[in-house]
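only geometry, no sequence info:
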């Protein structure tokens, strides 16, 4: 019977990426070993050892093996030697380093091998790649998951998380993307056509030391939704957090002049159908991998109603998103959490240009007596994506300053 094992790889001498690729290929061809999955490559600073070493490239592989732990260790040592590994300074530079992190549920301690790896909980360069492959696995002895350990070690609650936020070139989406990065997450940015503004967000995320990239997609197009989901999942070789924030603006610009039926169709395509399509596509992948968080975007007044054309439009479409979120949460439980943000009066582009009457209404209806900000929503989104909210799914979280009518 095969055992699932996780092996860490590292290199900081010579062709680092070449050494890692070569080692992975050797593992693929090693008798009794099947390489199931490979993490992305992480560049990290050396921990300990001689000063002035170069940075490492690190990765992790998930193996299915019929070898014993001792036999797998022998294979790792042989592959290291093939790649010119020299053991001189402790924690010194090396062409290749292979370490067994986990071997099924086994707990071993021999002169040659300790499993789980004795310093796993102390090393972000091991925990990061491992968290990509087994984010929710409770580790033997340690009793914690890789994601929890990584967050504790880095003091960033979302360290190592791979996220995408739709509609993140401006407004609430932009604030969420930047807040995720501030808390340690890598963030993919999506926009429909605002390449310049979206690229600014990408650069701001990168300036925080995180990985980011941009993808343009018109969510009115079902094929473009599929392409976005495939691109994002493949870019990071998996995703931890997906936030369906994009929504059609029917209050400002040319869309404000559309008639009721045209506005309804636009909101249906972008806010409802795209959310359902993307949520199902990403949710299925997350469930197969065994972990993930999805956040959708509703509206606080959908549950209580608002007069007028806009009230009817948004209550119908955002109410559908909120209902879908609850059902998707049930479909994907217990491995994937799904919740729905329901912002109220948030000062986005429309709020900035709203009439005095609307400005006064927004403040009057909120017991906290102020407009909300995109950053208010972003903080809640980050909390829902974090381990602190791990017992929360299928919920509508109203972010509206306490509006209760």
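Perfect, I can see it now. Please read these numbers as outputs of a predicted model, since none were measured by experiment.

Quick check: the gap between residue 314 and residue 30.
For residue 314, the distance to residue 30 (CB to CB, to the nearest Å) stands at 58 Å. C-beta: built from backbone N, CA, C; applies to glycine.

out of those two, which sits in the busier spot?
For the pair residue 314 and residue 30, the greater number of neighbours falls to residue 314 (22 against 19), based on other CB atoms under 10 Å.

How much space separates the more buried one from residue 385?
Look at residue 314 and residue 385: by CB to CB, they are 25 Å apart.

domains in this protein, as residue ranges please.
Under automatic domain parsing, the residue ranges defining each domain of the chain are 3-119, 162-399.

Just give the nearest non-adjacent residue to residue 94, would you?
The shortest distance from residue 94 to any non-neighbouring residue, by CB to CB, 6 or more residues apart in numbering, is to residue 85 (5.7 Å).

How about the contacts made by that neighbour?
By CB atoms under 8 Å, 6 or more residues apart in numbering, the contact set of residue 85 is 94-97.

Over to it. Which of the three states is it?
coil (DSSP: H, G, I helix; E, B strand; the rest coil).

For residue 219, see how far away it is.
Relative to residue 219, residue 85 is positioned 49 Å away (CB to CB).

just residue 345 next, same as before
The gap separating residue 345 from residue 219 is 25 Å, by CB to CB.

same deal with residue 308?
Separation of residue 308 from residue 219 (CB to CB): 25 Å.

Pick out whichever of those two has more residues nearby.
Using other CB under 10 Å, the more surrounded residue of residue 308 and residue 219 is residue 219, with 24 against 8.

Now the more buried one: closest residue in space, sequence neighbours ignored.
residue 274 is the one closest to residue 219 (CB to CB, 6+ apart), at 3.9 Å.

element containing the one you found, please.
Per DSSP states H and E, residue 274 falls inside helix 274-289.

Show me which positions of that helix end up buried.
For helix 274-289, the neighbour count (16 or more other CB atoms under 10 Å) marks 274-283, 285-287, 289 as buried.

State the helix or strand in which the closest residue to residue 277 other than its chain neighbours lies.
Spatially, and ignoring its direct neighbours in sequence, residue 277 is nearest to residue 225 (4.8 Å; CB to CB, 6+ apart). Taking DSSP H and E as the criterion, residue 225 maps to helix 222-236.

picking up where we left off before, contacting residues around the helix holding residue 274?
With CB under 8 Å, 6+ apart as the test, helix 274-289 has contacts from 166, 219-220, 222, 225-226, 228-229, 232-233, 238-239, 242, 244, 246, 292, 294, 296-297, 321, 324-325, 328, 331-332, 335-336, 338.

Now that we have the domains of the chain, can you turn them into JSON lines and tack on mean pLDDT?
As requested, the domains of the chain are exported to JSON lines (pLDDT from 0 to 100):
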{"stretch": "domain 3-119", "mean pLDDT": "91"}
{"stretch": "domain 162-399", "mean pLDDT": "93"}
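
Indicate which one of the ones you listed is closest to residue 135.
Residue 135 lies closest to domain 162-399 among the domains of the chain, at 4.4 Å (CB to CB).

next one: that closest one to chain centre, how far?
Relative to its chain's centre, domain 162-399 lies at 14 Å (CA atoms, centre = their mean, to the nearest Å).

my read: residue 72 touches residue 64, true?
No: in this structure residue 72 lies outside contact range of residue 64 using CB atoms under 8 Å: 11.4 Å.

any shared contact partners between these two?
5, 33.

Where do the strands of this protein begin and end?
3-11, 33-38, 42-44, 56-65, 97-103, 108-109, 114-115, 162-165, 186-191, 212-216, 241-243, 292-297, 336-343, 396-399 (DSSP state E).

out of those, nearest to residue 253?
Across those, residue 253 has its closest neighbour in strand 186-191 (15.1 Å, CB to CB).

packing partners for the longest helix seen in the chain?
Using DSSP state H to define each element, the chain has its longest helix at helix 308-332. Using 3 or more CB pairs under 8 Å, 6 or more residues apart in numbering; DSSP states H and E, the elements in contact with helix 308-332 are helix 260-267, helix 274-289, strand 292-297, strand 336-343, strand 396-399.
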